[in-house]
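**Student:** Test case, fold it:
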Amino acid sequence: MVEKKRPRRTRERILETSLALFNRRGAPQVTTAEIAGEMNISPGNLYYHFRNKDEIVAELCAAFEARIRPLFADPRGRAVDVEDLWLWLHLLFERMGEFRFIFRDVDELAARDPALGARLGRMLRQGVATMVELCRAMVGAGTMKASEREIAALSENVVLVATYWQSFARIGQTPAETAPGHAAWQVLSLIAPFLVGDARILIDRLGRDYL
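**Tutor:** Next comes the predicted model:
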């Protein structure tokens, strides 16, 4: 006997619909009435689950944080090479792309909800800290040559590019399906001058293969 799929609950559908609309148009441009209309439910039904749009945004941001948290695991004690870094960046941009509305209007969302702004700030700092440790691991493996000061600046630049990549891709009309790989390559281009030996050769090959 084939087991029937559990019907999606209204709350789940609200989040899925909101995410699609936010990604398409930006959260500030979407109203709760439009979300309800897209779902063919009454606004009252939506308000039963979420008091306002800010609550929907906050829950979606929490879902994004859960998706991205595994990428911020402490890399110390592991060997890290260019291919590891390429995969890490690709996964990072893929997951950011799933919730791209956050980064489309990150300044406005943070200003509107200080608690959300603080959460996003923590994620950015975790991203910088993770990148610092990845670079240190590559320095320790002899595939990268950089001082602590250079690593700190490089790591902040990586997170800066990641944070505003969605806006750049949207305005520059970078195709959505190639954006994660394109973004990963742009970040690797920042790192390339610090790589030595086979690592530099490999990153050049990855660039040629992608482009």
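
**Student:** which element is residue 66 on?
**Tutor:** Assigned by DSSP states H and E, residue 66 belongs to helix 53-68.

**Student:** Show me what that helix is packed against.
**Tutor:** Judged by 3 or more C-beta pairs under 8 Å, 6 or more residues apart in numbering; DSSP states H and E, the packing partners of helix 53-68 are helix 10-25, helix 32-39, helix 82-98, helix 100-104, helix 114-140. C-beta: built from backbone N, CA, C; applies to glycine.

**Student:** Okay, angle between the last one and helix 82-98 too, please.
**Tutor:** Looking back up the chat, that one is helix 114-140. Interaxial angle of helix 114-140 relative to helix 82-98 (axes from the mean of the first three to the mean of the last three C-alpha atoms, to 10 degrees): 170 degrees.

**Student:** Next, the angle from helix 114-140 to helix 53-68.
**Tutor:** Interaxial angle of helix 114-140 relative to helix 53-68 (the same axes, to 10 degrees): 20 degrees.

**Student:** For helix 114-140, buried residues please.
**Tutor:** Buried residues in helix 114-140, defined by neighbour count with 16 or more other C-beta atoms under 10 Å: 116, 119-120, 123-124, 126-128, 130-139.

**Student:** again, but for the third one
**Tutor:** Residues of helix 82-98 classed as buried: 82, 85-86, 88-93, 95-97 (neighbour count, 16+ other C-beta under 10 Å).

**Student:** Next, format the residues you listed as TSV and append distance to residue 172 and pLDDT.
**Tutor:** TSV is the format used below for the buried residues of helix 82-98 (distance: C-beta to C-beta, whole Å; pLDDT from 0 to 100):
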residue	distance to residue 172	pLDDT
82	26	83
85	24	86
86	22	85
88	24	89
89	19	89
90	19	87
91	22	91
92	19	92
93	15	90
95	21	93
96	16	92
97	15	89
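
**Student:** Confidence-wise, which of the helices and strands packed on helix 53-68 is weakest overall?
**Tutor:** Note on the helices and strands packed on helix 53-68: lowest mean pLDDT is at helix 82-98, with a mean of 88.

**Student:** Identify whichever of the helices and strands packed on helix 53-68 lies nearest to residue 201.
**Tutor:** helix 82-98 (9.3 Å; C-beta to C-beta).

**Student:** Distance from the chain centre to that closest one, please.
**Tutor:** Between the centre of helix 82-98 and the centre of its host chain there is 9 Å, according to C-alpha atoms, centre = their mean, to the nearest Å.

**Student:** For that helix, name the packing helices and strands.
**Tutor:** If you count contacts as 3+ C-beta pairs under 8 Å, 6+ apart, helix 82-98 packs onto helix 53-68, helix 114-140, helix 148-171, helix 179-191, helix 198-210.

**Student:** For it, which outside residues touch it?
**Tutor:** Contact partners of helix 82-98, identified using C-beta atoms under 8 Å, 6 or more residues apart in numbering, comprise 64, 67-68, 71, 102-103, 127, 134, 138, 143, 162, 165-166, 176, 179-181, 183-184, 187-188, 191, 195, 199, 202-203, 206.
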